[in-house]
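Peer 1: I'd like to go over a predicted model; first the sequence, then the structure.
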Protein chains: 2
Amino acid sequence: MTKIIDDPMRFGVGARVTVAVMTDRYVDVITNALQTTDPGDLVVQTGDVSTYLGGSETELLRYLTDLAAAIAATGEHASITVQLSRGCPGEVVCELPGGAGPRPVDVPEGRETGRFAAAEWALYPLADDVRAGIEPDHMRDIYAAIELAKENGTFRASEHFVTRLEGDLGTVLATVVAGWVMVGRRVQHVTSHLTVSLNSPSHG
Amino acid sequence: MTKIIDDPMRFGVGARVTVAVMTDRYVDVITNALQTTDPGDLVVQTGDVSTYLGGSETELLRYLTDLAAAIAATGEHASITVQLSRGCPGEVVCELPGGAGPRPVDVPEGRETGRFAAAEWALYPLADDVRAGIEPDHMRDIYAAIELAKENGTFRASEHFVTRLEGDLGTVLATVVAGWVMVGRRVQHVTSHLTVSLNSPSHG
């Protein structure tokens, strides 16, 4: 049997994404984007508040990039909210005991989309299992992730509670997934939240 | 001089809120709601991705309820994303050392709005300071918050990574703020994320 850390679904690797498009034609725009984005190997469940995605980090980044790029390509102003989670599968209450992880994976490669995004990003290492030798110093891991955003040019500013990212939509998403994966090499349960603004009138 | 835990701004009590209204008239609807919501004692800074709010838990709940109710009253389909944070002021990198908190405050009272909301909720106790005797068992605190939602009737289901809440918009917001405040009695740095769906065609 595959080990838990080698099975993204059993390790609880997934995302929730909410797409809000600021036009009277929002139903068509959102339905179209969801229908034209290839689910690949992901479990995709669409609800009224968000769409749940379950599967590997690489597939999640690919799907999120394709979906957001499809929305961006319409030219409509949109807000996309993404929650990423790994290491706490099943429900909001973890079914996976501490010590099952962490799950080390390579940082997935993103792709550039040619679309501009401004975003606010939060990253939460949720270390439960001090016995496993995990130092619950979540700021150390967050520093490392911010360093990555500085290196790839998406970092703009530290703001209250979030890091502001700007740049190519695909690179912004890749940065967020990379930070989440990198912190996940040391901490079992890691979540991240991102709010992306597309085609904003204030982006000129 | 006031103690840090008695000063919401120095303790970093605040929120970021993103309002996305799915109509061609989104600029008017959002501008109107922001202009008619009394900022009271809060610091309010509006940006292109979100609006930052700084101030006490009671004022935050009052503002969020008034703002969301104003959006709901337009009848337009909208998605409102809220991030709450306390215990890590200034920037994404905490300026407040571990051990400055926790900050115990009374659970603020919400008000009913007469508007229905469906929402997805995540709550993150980020315990850094094990030396201060804080057990970093974040699931214990999350259980307590979910119990509260069950008692007041907003709990609908545990889903992947989130708790689904439904009910009066004001009660949903009050539940989320209550959980955040209650966990904050034991943990200095606590964040919470909420995505609210208003006037959805699927809510019938």
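Peer 2: That came in fine, so what should we check first? Numbers count the residues shown, from 1 in each chain, chains lettered A, B, ... in the order given.

Peer 1: CA-only coordinates of the helix or strand where A:Asp28 lies in PDB, if you can.
Peer 2: Taking DSSP states H and E as the definition, one finds A:Asp28 inside helix A:26-36. Once non-C-alpha atoms are left out, helix A:26-36 reads as follows in PDB (Å, rounded to 0.1, in the frame of the first residue of the first chain):
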ATOM      1  CA  TYR A  26     -21.100  36.300 -14.400                       C
ATOM      2  CA  VAL A  27     -22.900  33.000 -14.700                       C
ATOM      3  CA  ASP A  28     -21.700  32.500 -18.300                       C
ATOM      4  CA  VAL A  29     -18.100  33.700 -17.600                       C
ATOM      5  CA  ILE A  30     -17.700  31.400 -14.500                       C
ATOM      6  CA  THR A  31     -19.400  28.400 -16.100                       C
ATOM      7  CA  ASN A  32     -17.400  28.800 -19.200                       C
ATOM      8  CA  ALA A  33     -14.100  29.000 -17.400                       C
ATOM      9  CA  LEU A  34     -14.900  25.900 -15.200                       C
ATOM     10  CA  GLN A  35     -16.000  23.900 -18.200                       C
ATOM     11  CA  THR A  36     -12.900  24.700 -20.400                       C
END
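
Peer 1: that one: which residues count as buried?
Peer 2: In terms of neighbour count (16 or more other C-beta atoms under 10 Å in any protein chain shown), helix A:26-36 has its buried residues at A:26, A:29-30, A:33-34. The C-beta positions use only the backbone N, C-alpha and C, and glycine is treated the same way.

Peer 1: over to stretch A:36-56?
Peer 2: Under the neighbour-count rule (16+ other C-beta under 10 Å), stretch A:36-56 has A:37, A:42, A:44, A:49-56 buried.

Peer 1: helices or strands next to the helix holding A:Asp28 in the packing?
Peer 2: Helix A:26-36 is packed against strand A:14-21, helix A:57-73, with contacts defined by 3 or more C-beta pairs under 8 Å, 6 or more residues apart in numbering or on different chains; DSSP states H and E.

Peer 1: thinking again about what came up before, just give me the closest of the buried residues of helix A:26-36 to chain B.
Peer 2: Closest approach between the buried residues of helix A:26-36 and chain B, by C-beta to the nearest C-beta: A:Tyr26, at 3.9 Å.

Peer 1: what's the per-residue pLDDT of the closest one here?
Peer 2: On the pLDDT scale, A:Tyr26 is placed at 97.

Peer 1: dump the residue contacts of it.
Peer 2: A:20, B:22, B:77 (C-beta atoms under 8 Å, 6 or more residues apart in numbering or on different chains).

Peer 1: how much space between it and B:Ser197?
Peer 2: A:Tyr26 is 12 Å from B:Ser197, where distance means C-beta to C-beta, to the nearest Å.

Peer 1: number of nearby residues for A:Gly204?
Peer 2: The tally of other residues near A:Gly204 (other C-beta atoms under 10 Å in any protein chain shown) stands at 5.

Peer 1: name the SS class of the closest residue to A:Arg62 other than its chain neighbours, please.
Peer 2: The spatial neighbour of A:Arg62 that comes closest, neighbours along the chain excluded (C-beta to C-beta, 6 or more residues apart in numbering or on different chains), is A:Gly40 at 6.8 Å. At A:Gly40, secondary structure determined by DSSP: H, G, I helix; E, B strand; the rest coil is coil.

Peer 1: which parts of chain A are strands?
Peer 2: With DSSP state E as the criterion, chain A has strands at A:14-21, A:43-46, A:51-54, A:78-86, A:116-126, A:155-159, A:162-168, A:189-198.

Peer 1: and the residue nearest to A:Arg62, its phi and psi?
Peer 2: Main-chain dihedrals, A:Gly40, degrees, to the nearest 10: phi 50, psi -130.

Peer 1: wait, doesn't it sit right on A:Glu59?
Peer 2: Yes - A:Gly40 is within contact range of A:Glu59, at 5.2 Å (criterion: C-beta atoms under 8 Å).

Peer 1: any idea which residue sits dead centre in chain A?
Peer 2: Central residue of chain A (C-alpha atoms, centre = their mean): A:Leu84, 4.3 Å from the mean position.

Peer 1: now the angle from the helix or strand of chain A with the lowest mean pLDDT to strand B:116-126?
Peer 2: Sorted by mean pLDDT, DSSP states H and E, the helices and strands of chain A end with helix A:138-151, the least confident at a mean of 82. Angle, helix A:138-151 to strand B:116-126, by axes from the mean of the first three to the mean of the last three C-alpha atoms, to 10 degrees: 110 degrees.
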